[in-house]
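Participant: Would you be able to build a 3D model of this:
(2 chains)
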Amino acid sequence: MKEKVLKVLNEAITNFGWNVQFDVNEPPSEIKADLASNLPIVVSKKYGVSPEEVFGKVKDYCFYNFRDYMFKELTFSSPGFINIVLSKVIFYEELKQILIQQKKYPKVDTKDEKVLIEFVSANPTGPLHIGHGRCAVLGDVLGNLLRKLGYNVQKEYYVNDRGRQIDVLTASVVYTLIEQKYEIVDEKIRLWSEDVVKETKYKGEYIKGLAAKLQDKFGKISESNINDVKKFIVDTIMGEIELSLKKFNVNFDNYIYETSLYETKLVDEINQLMYQNKLVETKDGAVWFKSAELTDDKDRVIIKSTGEPTYFFSDIIYHYNKVQRNFNWLINIWGTDHHGYVERLKSACKVIFDSIGKNVKLDILLYQLVSLIKGGQRVAMSTREGKFVTLDEVIAEVGTDVTRFFLLTKSPNAHLDFDLDLAKEHSLKNPVYYIQYAHTRCCGIIREVGDIINVSDIESHPEIYFDLLENYDNFTDEEIVLIRKLCFYKDTLELCAGALSLHHLCNYLIDLARIFHKFYERCRVIEKSNVVIYPRLLLVMATKIIFNNSLNILGISAPERM
RNA sequence: GUCCCCGUAGCUCAAUGGAUAGAGCGGUAGCCUCCUAAGCUACUGAUAUGGGUUCGAUUCCCAUCGGGGACACCA
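Facilitator: Modelled structure (predicted):
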């Protein structure tokens, strides 16, 4: 809707030789217009023409070319806004598309970009907690949205299954086993694990569970099978993580393991690229990436003096690997605790992608961490210390729909306090139920109407009934507000895609639900004499479609009854 | 010390530089002979502080105060 108006207004100013950036937005509620634009004042500023004059010219142009089809009324308000009342034709046009396309609405052109969204990627060292949940839902829903808007999207989880943390994890589990059954572990491994846990170890309850499983699976643990033990521990934890994600209705297309990157030729290729382009140097027995020459404040190690690659090196390989798979829009979703790492990776990727002549967009989306409040106290979460409330526990307490919605309504940039007690108490009064209830009311009406007329007829051939809509002249305020809101659905999706955040859609839905509940109170579809008012029925059907489609993007259920 | 995010109603959060700052929860008072009252209506109530830029600032800039986070040959 906005897009169409924007296009016409742009055409108008181009016609007069002006070229400016301006907005088209919904005006404040006290202004009786569908859309408003700051175009007059913006042009006035740049070209020294009075806003009134700009308005006059634009109005004439719009009315001459698009009256009836698009504009009903254009008015000026100071200091330089143009208020737009749209013709009902354009609203009906959109409404018809909703009814015809149904689940497929809004149909869009296929986009060229091949998108890879990498998110969660929590280290396989323990269960997911609520912070991972936020990341999971942000990525999952962003993927759904971009898919809906015509992009080819893959959702990927990157598993860091090597490095020191895996050693510490393995040692922690083995050490726990030693405490219970000393003789199961060979001396060499015993000494190794005791040495590692002296410094740091994982302390959660789940470590004991893993130790028990280890005993069942291996019987005896020695140097010869320690790598299998590591793999078993990682696989077991990843199995749990995948289960949690599934319960949370988060779906990944692919899991990629860090170790698998080292089994390919990528490492040699990257090394060659780096040396060829003089991006690295050897110093103190380690290999350094010369990032200080880029945007970093100092150089960074990629191969330690022990010969072990660092996480940074793995990440360079991983991103190279993404591009090798022909993705050209990479979106990473990270916790804000990684913000210092953003520029480093971006600049490294840029030089490497440039050197192989690939044009790739890399967006790194940071979300603020979630603080869990329990008993009025902030709970510091630490996987290593075993202090956390798992995602599973939260879901069990308040449910998937409520948790997802709670995590999505807030802008990723906002700190988030998840008060577990409050969430439990409020789960029955959650806004998500307000939205779902509006949907069930749509279903209820359609069900009742079904007793009087054949509804599936209308659903399969809505175009036959459009005349009834167009010839219905006495729409009430509630109906007009509802129609307008439905027609702005697509704009909301575009807004979310532009901002890479779905909270706008959540707010839109709360708004739509309120508008629909009001409509429900004021505008009966079935009159007492069992007469069905068709235009209203079509509105209800369109509303139901919008609720369904958007809840589907959010991964939240749309129940028929509650 | 350097860097990043945030500070809006009693609480949890909205508001791509726009017009009289919006919701939900809570509180107060009403509304079911009628498509589910998990609803509707009315009232209640907020931009941390001080400057600046702008026709216009919750939004941008500077300072102050407060909260969270990051600054490894960890991942």
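
Participant: care to break chain A down by domain?
Facilitator: A:2-86, A:119-252+A:368-424, A:431-554 (automatic domain parsing).

Participant: For A:Phe313, give me its contacts.
Facilitator: A:Phe289, A:Ile302, A:Ile303 (CB atoms under 8 Å, 6 or more residues apart in numbering). Every C-beta, even on glycine, is put in place using the N, C-alpha and C of the backbone.

Participant: Name the residues of the stretch 101-250 of chain A found near RNA strand B, please.
Facilitator: Proximity of the stretch 101-250 of chain A to RNA strand B is confined to A:Asn123, A:Asn160, A:Arg162, A:Gly163, A:Arg164, A:Gln165 under the rule CB under 7 Å from any atom of the strand.

Participant: so how many other residues sit close to the fifth one?
Facilitator: It stands for A:Arg164. 11 (other CB atoms under 10 Å).

Participant: The third one too?
Facilitator: Counted with other CB under 10 Å, residues neighbouring A:Arg162 total 19.

Participant: The last one too?
Facilitator: Counted with other CB under 10 Å, the neighbours of A:Gln165 add up to 18.

Participant: which SS state does it fall under?
Facilitator: helix (DSSP: H, G, I helix; E, B strand; the rest coil).

Participant: what sits up against stretch A:532-542?
Facilitator: If you take CB under 8 Å, 6+ apart as the criterion, stretch A:532-542 is touched by A:95, A:98-99, A:442, A:445-446, A:449, A:452-453, A:458-459, A:462, A:465, A:468-469, A:472, A:475, A:479, A:482-483, A:486, A:519, A:523-527.

Participant: Buried ones among those?
Facilitator: Buried members of those, scored by 16 or more other CB atoms under 10 Å, are A:95, A:98-99, A:442, A:445-446, A:449, A:458, A:462, A:465, A:469, A:475, A:479, A:482-483, A:486, A:519, A:523, A:525-526.

Participant: Which members of those occur in helices, if any?
Facilitator: Of the buried ones among the contacts of stretch A:532-542, the ones assigned to helices by DSSP state H are A:95, A:98-99, A:442, A:445-446, A:449, A:458, A:469, A:479, A:482-483, A:486, A:519.

Participant: Serialize these to TSV and add fields for distance to RNA strand B.
Facilitator: Converted to TSV, these look like this (distance: CB to the nearest atom of the strand, whole Å):
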residue	distance to RNA strand B
A:Leu95	19
A:Ile98	20
A:Leu99	18
A:Cys442	9
A:Ile445	4
A:Ile446	8
A:Val449	7
A:Ile458	15
A:Leu469	17
A:Glu479	11
A:Leu482	12
A:Ile483	16
A:Leu486	17
A:Phe519	7
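
Participant: burial count for A:Tyr175?
Facilitator: 21.

Participant: What helix or strand is it located in?
Facilitator: Applying DSSP states H and E as the criterion places A:Tyr175 in helix A:164-180.

Participant: and the angle from the very next helix or strand once past that helix to helix A:164-180?
Facilitator: Scanning forward in sequence from helix A:164-180 by DSSP H and E, the next helix or strand is helix A:187-199. For helix A:187-199 against helix A:164-180, the angle by axes from the mean of the first three to the mean of the last three CA atoms, to 10 degrees is 110 degrees.

Participant: What residues of helix A:187-199 count as buried?
Facilitator: By neighbour count on 16+ other CB under 10 Å, the buried set for helix A:187-199 is A:Ile189, A:Arg190, A:Trp192, A:Ser193, A:Val196, A:Val197.

Participant: A:Gln368 and A:Thr336 touch, don't they?
Facilitator: Yes - applying CB atoms under 8 Å, one finds A:Gln368 in contact with A:Thr336, separated by 5.2 Å.

Participant: okay, these two: which has more neighbours?
Facilitator: Neighbours per residue, other CB under 10 Å: of A:Gln368 and A:Thr336, the larger number sits with A:Gln368, 17 against 14.

Participant: quick one: contacts for that one?
Facilitator: Counted by CB under 8 Å, 6+ apart, A:Gln368 has contacts A:Thr336, A:Pro412, A:Asn413, A:Ala414, A:His415, A:Leu416.

Participant: My guess is the last one contacts A:Val370. True?
Facilitator: Yes - using CB under 8 Å, A:Leu416 and A:Val370 qualify as a contacting pair, with a distance of 4.8 Å.

Participant: and for those two, which residues touch both?
Facilitator: A:Arg134, A:Leu407.

Participant: so what's the residue in the stretch 51-200 of chain A that RNA strand B sits nearest to up against?
Facilitator: Nearest residue of the stretch 51-200 of chain A to RNA strand B, counting by CB to the nearest atom of the strand: A:Gly163, 3.0 Å away. Neighbouring residues of A:Gly163 by CB under 8 Å, 6+ apart: A:Glu258, A:Glu308, A:Tyr311.

Participant: now swap in A:Glu397 and tell me
Facilitator: A:Leu420, A:Ala423, A:Lys424, A:Ser427.

Participant: Check the gap between it and RNA strand B for me.
Facilitator: 16 Å (CB to the nearest atom of the strand, to the nearest Å).

Participant: hang on, that residue in a strand?
Facilitator: No - secondary structure of A:Glu397 (three-state DSSP): helix, not part of a strand.

Participant: count of residues packed around the spatially closest residue to A:Phe353 that is not a sequence neighbour?
Facilitator: Of all residues not flanking A:Phe353 in the chain, A:Val360 sits nearest, at 5.0 Å (CB to CB, 6 or more residues apart in numbering). The number of residues packed near A:Val360 is 19, by other CB under 10 Å.

Participant: Likewise for A:Ala12?
Facilitator: For A:Ala12, using other CB under 10 Å, the count is 21.

Participant: quick one: which helix or strand includes it?
Facilitator: Using DSSP H and E, A:Ala12 falls within helix A:2-15.

Participant: who does whichever helix or strand comes after that helix pair up with?
Facilitator: Using DSSP H and E, the next helix or strand after helix A:2-15 towards the C-terminus is strand A:24-25. Taking DSSP bridges as the criterion, strand A:24-25 forms sheet pairs with strand A:35-37 (antiparallel).

Participant: And the contacts of the partner strand?
Facilitator: Against strand A:35-37 from outside (CB under 8 Å, 6+ apart): A:1-2, A:5, A:9, A:22-27, A:81-84, A:86.

Participant: Whether that strand contacts RNA strand B - can you check?
Facilitator: Yes - residues of strand A:35-37 contacting RNA strand B under CB under 7 Å from any atom of the strand: A:Ala36.

Participant: Report the angle between the helix or strand just after that strand and helix A:2-15.
Facilitator: Once the chain leaves strand A:35-37, the next helix or strand it forms, by DSSP H and E, is helix A:39-47. Comparing the axes of helix A:39-47 and helix A:2-15 via the same axes, to 10 degrees yields an angle of 40 degrees.

Participant: And the contacts of helix A:39-47?
Facilitator: Contacts for helix A:39-47 (CB under 8 Å, 6+ apart): A:9, A:13, A:18, A:20-22, A:49-52, A:54-55, A:58, A:76, A:79-82.

Participant: Next, see if that helix gets close to RNA strand B.
Facilitator: Yes - for helix A:39-47 and RNA strand B, the contact criterion (CB under 7 Å from any atom of the strand) is met by A:Ile41, A:Val42, A:Lys45.

Participant: Which residue comes closest to the first one once chain neighbours are left out?
Facilitator: The shortest distance from A:Ile41 to any residue that is not its chain neighbour, by CB to CB, 6+ apart, is 2.7 Å, and that residue is A:Gly80.

Participant: Show the pLDDT at the residue lying farthest from the centre of chain A.
Facilitator: Most distant residue from the mean C-alpha position of chain A: A:Glu183, 49.6 Å away (CA atoms, centre = their mean). pLDDT for A:Glu183: 85.

Participant: Report the buried residues of the helix or strand where A:Tyr341 lies.
Facilitator: Assigned by DSSP H and E, A:Tyr341 belongs to helix A:339-355. For helix A:339-355, burial by neighbour count (16+ other CB under 10 Å) applies to A:Tyr341, A:Val342, A:Arg344, A:Leu345, A:Lys346, A:Ser347, A:Ala348, A:Cys349, A:Val351, A:Ile352, A:Phe353.
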